[in-house]
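Peer 1: Take a look and give me a structure for this.
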Amino acid sequence: MSGPQASVIKSVPVREYVQQIFVPLSRVANDWDMHSAVALSPSEERTMVREPARAVPQTIARRLGKLRILLVPFIACFPTGDMVSFSNPEGEKHSVVWLENKGRIDLLVSCRDLDAHDTGWEFLASVAELLRARLTPDELERYTSLLQEELDMVFEGEIDEEAYETKQVLRKRGRWSRSGLQFLKYRDVSFTGTCAEYMHGLWHDVQIRVGTEHLPVPVLRKRMTLMADLFPPNPGYQLFA
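Peer 2: A predicted model of the protein is given here:
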């Protein structure tokens, strides 16, 4: 949906939007499909999807399977459900949402709420979240063991703000179990942020953030090394440039 038709329709329920036939549909890395409801410059298209998609390790892409990336202006949160909006809506918005259908994932990405780079980051974060739900028991065990080692080191920092806040709740309780709900929540949030940052670093050089709220550099390096061991970079990509 584009051009005059999109300008007339202000919003469409996400579940209805994904039922449409999108022509033309472009291909990006991993044999994933992409369509944009609005005109994008070549630079925007590269930064939002094409370059980050190429940085996704093939082992992760195969785990996700067939993915259709639908770039839309905005994604609004309404009481009746999520809506694709063609004008900037009032109230809460999503950066990404997805629907898992038989044999395909429809991933909707808002491309007019953030700048191109941050949109690309949100795309990678959604890939990491989709992967988390598909981890093998061995992969979960290895990441869980790494977190246990870190918690014994007694530092505050984490990979991002959401993981940091979740970790503080766990630390304040003092005692925790690796099967407890709070630890499992922390593990899931921490994995998603770590995997997203791993792919971010494969996409382009990133600046390491320092301070008590961030991971110490040796800890960050160990996490990235584990990610590279579990999900090796594609040919031509390096974890540590």
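
Peer 1: Show the residue spans covered by the helices in this structure.
Peer 2: Along the chain, the segments classed as helices by DSSP state H run 4-8, 14-17, 42-45, 51-55, 58-64, 116-132, 137-153, 161-173, 181-203, 217-230.

Peer 1: If you average pLDDT over each of these, which is lowest?
Peer 2: Among the helices of the chain, helix 4-8 carries the lowest mean pLDDT, a mean of 43.

Peer 1: Walk me through the domains of this structure.
Peer 2: As recorded under automatic domain parsing, the domains making up the chain are 4-132, 137-230.

Peer 1: out of the ones you listed, which comes closest to Tyr237?
Peer 2: The closest of these to Tyr237 is domain 137-230. By C-beta to C-beta, the value is 4.8 Å. (Each C-beta comes from the backbone N, C-alpha and C, glycine too.)

Peer 1: Over to the closest one now: how far is its first residue from its last?
Peer 2: Across its full length, domain 137-230 reaches 12 Å between end residues, using C-alpha to C-alpha, to the nearest Å.

Peer 1: thinking again about what came up before, indicate which one of the helices of the chain is closest to Thr80.
Peer 2: Per C-beta to C-beta, nearest to Thr80 of the helices of the chain: helix 14-17, 11.0 Å.

Peer 1: buried ones in that closest one?
Peer 2: Buried residues in helix 14-17, counted by 16 or more other C-beta atoms under 10 Å: 14, 17.

Peer 1: Kindly report the same for stretch 61-70.
Peer 2: 61, 63-64, 67-70.

Peer 1: now stretch 234-241
Peer 2: For stretch 234-241, burial by neighbour count (16+ other C-beta under 10 Å) applies to 234, 237.

Peer 1: For that stretch, give me every contacting residue.
Peer 2: Stretch 234-241 has contacts (C-beta atoms under 8 Å, 6 or more residues apart in numbering) with 54-55, 57-58, 198, 201-202, 205, 221, 224-225, 227-228, 233.

Peer 1: would you list the helices of the chain in a markdown table and tack on distance to Arg27?
Peer 2: Below are these laid out as a markdown table (distance: least, C-beta to C-beta, whole Å):
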| stretch | distance to Arg27 |
| --- | --- |
| helix 4-8 | 23 |
| helix 14-17 | 20 |
| helix 42-45 | 12 |
| helix 51-55 | 10 |
| helix 58-64 | 13 |
| helix 116-132 | 16 |
| helix 137-153 | 29 |
| helix 161-173 | 32 |
| helix 181-203 | 19 |
| helix 217-230 | 26 |
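
Peer 1: which one of those lies closest to Glu92?
Peer 2: Glu92 lies closest, by C-beta to C-beta, to one member of the helices of the chain: helix 14-17, at 14.2 Å.
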